[in-house]
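got a structure for you, letters missing:
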């Protein structure tokens with residue numbers, strides 16, 4: 001849930017104008033935090049799948065959120 005929220009914040013942060021470099025920095029920080037959080041979530045998912053408490057499809061949510069955060073950091077980054 002936390003990773004979803006941070007990814008959402010990264011995508012909602014759009015600069016108001018060419019002077020708004022602070023919003024661009026905050027968007028990058030939120031996307032980086034979401035990427036790190038999704039990697040931690042994926043590692044926890046690995047542990048629980050190995051213990052057979054979760055099924056393999058639980059790898060999909062952290063992977064999708066990691067891809068979304070990585071896209072926001074690279075291709076879909078806000079520009080001034």
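Nice, thanks for sending it over. Note that the structure is predicted; figures quoted are calculated from it, not measured.

let me know the secondary structure of the closest residue in space to residue 33 that isn't next to it in sequence.
Leaving aside its sequence neighbours, residue 33 sits nearest to residue 6 (CB to CB, 6 or more residues apart in numbering; 5.3 Å). C-beta coordinates here come from the backbone N, C-alpha and C atoms, glycine included. With DSSP: H, G, I helix; E, B strand; the rest coil as the basis, the three-state label of residue 6 is helix.

do the one 10 residues further on as well
Three-state assignment for residue 16 (three-state DSSP): coil.

quick revisit: can you get me a residue count around the residue nearest to residue 33?
Around residue 6 there are 22 other residues, counting by other CB atoms under 10 Å.

quick one: pLDDT of it?
Residue 6 is assigned 96 on the pLDDT scale.

these two touch, right, it and residue 35?
No: using CB atoms under 8 Å, residue 6 is not in contact with residue 35; the gap is 9.2 Å.

quick check: neighbours shared by those two?
Here residue 6 and residue 35 have residue 69 as joint contacts, going by CB atoms under 8 Å, 6 or more residues apart in numbering.

how near is residue 65 to residue 59?
11 Å (CB to CB, to the nearest Å).

mind checking the longest helix of this structure?
Taking DSSP state H as the criterion, the chain has its longest helix at helix 21-50.

what's the neighbour count on residue 56?
By other CB under 10 Å, neighbour count at residue 56 equals 8.

also the one 3 residues further on?
With neighbours defined by other CB under 10 Å, the count for residue 59 comes to 15.

phi, psi for it please.
Backbone torsions for residue 59, taken as degrees, to the nearest 10, come to phi -70, psi -20.

that one touches residue 44, doesn't it?
No: Residue 59 is beyond contact range of residue 44, at 11.1 Å (criterion: CB under 8 Å).

shared neighbours, the two?
Counting by CB under 8 Å, 6+ apart, residue 59 and residue 44 have no common neighbour.
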